[in-house]
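J.: compute the structure for the input listed below.
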Amino acid sequence: MTKTTIELSDATLKKAEFVAAHQGVTISQLVAKLLEDLVALRDTEEIDKPWMVGFGELADLADENRRILDLIDEEFGVVDENDCR
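T.: Numbering: from 1, shown residues only. Prediction:
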């Protein structure tokens, strides 16, 4: 394992210390984990396409979405010509 030095603002360091304490890890462990996660994202190119991170998150609701769209079509899909005059 290699040691390195990083420079952080006091505000960032305090926030990082809070997050690390909340997670029950050291600052060193927190930074290492965050960097590992960032590298993993980079490897999968998700970081290059941030809009793709949440893509498909609602896929499990496809049936419900279809049901709602069908109800909307049922209610509003037929236009009565007399309503347009």
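
J.: tell me what the helix-or-strand element of the chain with minimal mean pLDDT is packed against?
T.: Counting by mean pLDDT, DSSP states H and E, the chain has its least confident helix or strand at helix 27-43, which shows a mean of 85. Helix 27-43 sits against helix 10-23, with contacts defined as 3 or more C-beta pairs under 8 Å, 6 or more residues apart in numbering; DSSP states H and E. Quick note: C-beta positions are derived from backbone N, CA and C, even for glycine.

J.: in the helix it packs on, what's buried?
T.: residue 20 (16 or more other C-beta atoms under 10 Å).

J.: surely residue 8 and residue 16 touch.
T.: Yes. Here residue 8 reaches residue 16: they are 7.0 Å apart, a contact under C-beta atoms under 8 Å.

J.: kindly export whichever strand or helix holds residue 62 (C-alpha atoms) in CSV.
T.: Using DSSP states H and E, residue 62 sits within helix 62-76. Presented in CSV, the C-alpha positions along helix 62-76 are these (Å, rounded to 0.1, in the frame of the first residue of the first chain):
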residue,chain,number,x,y,z
ALA,A,62,-43.2,-0.5,-16.6
ASP,A,63,-46.4,-2.4,-16.1
GLU,A,64,-47.8,0.3,-13.9
ASN,A,65,-46.8,3.0,-16.4
ARG,A,66,-48.5,1.1,-19.2
ARG,A,67,-51.7,0.8,-17.1
ILE,A,68,-51.8,4.5,-16.3
LEU,A,69,-51.1,5.4,-20.0
ASP,A,70,-53.9,3.1,-21.0
LEU,A,71,-56.3,4.8,-18.6
ILE,A,72,-55.3,8.2,-20.0
ASP,A,73,-55.9,7.0,-23.5
GLU,A,74,-59.2,5.5,-22.5
GLU,A,75,-60.3,8.8,-21.0
PHE,A,76,-58.8,11.3,-23.4
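
J.: average pLDDT for it?
T.: Here helix 62-76 scores 87 as its mean pLDDT.

J.: now swap in stretch 2-12 and tell me
T.: 91.

J.: chain center to that stretch: distance?
T.: On the basis of C-alpha atoms, centre = their mean, to the nearest Å, stretch 2-12 sits 26 Å off its chain's mean C-alpha point.
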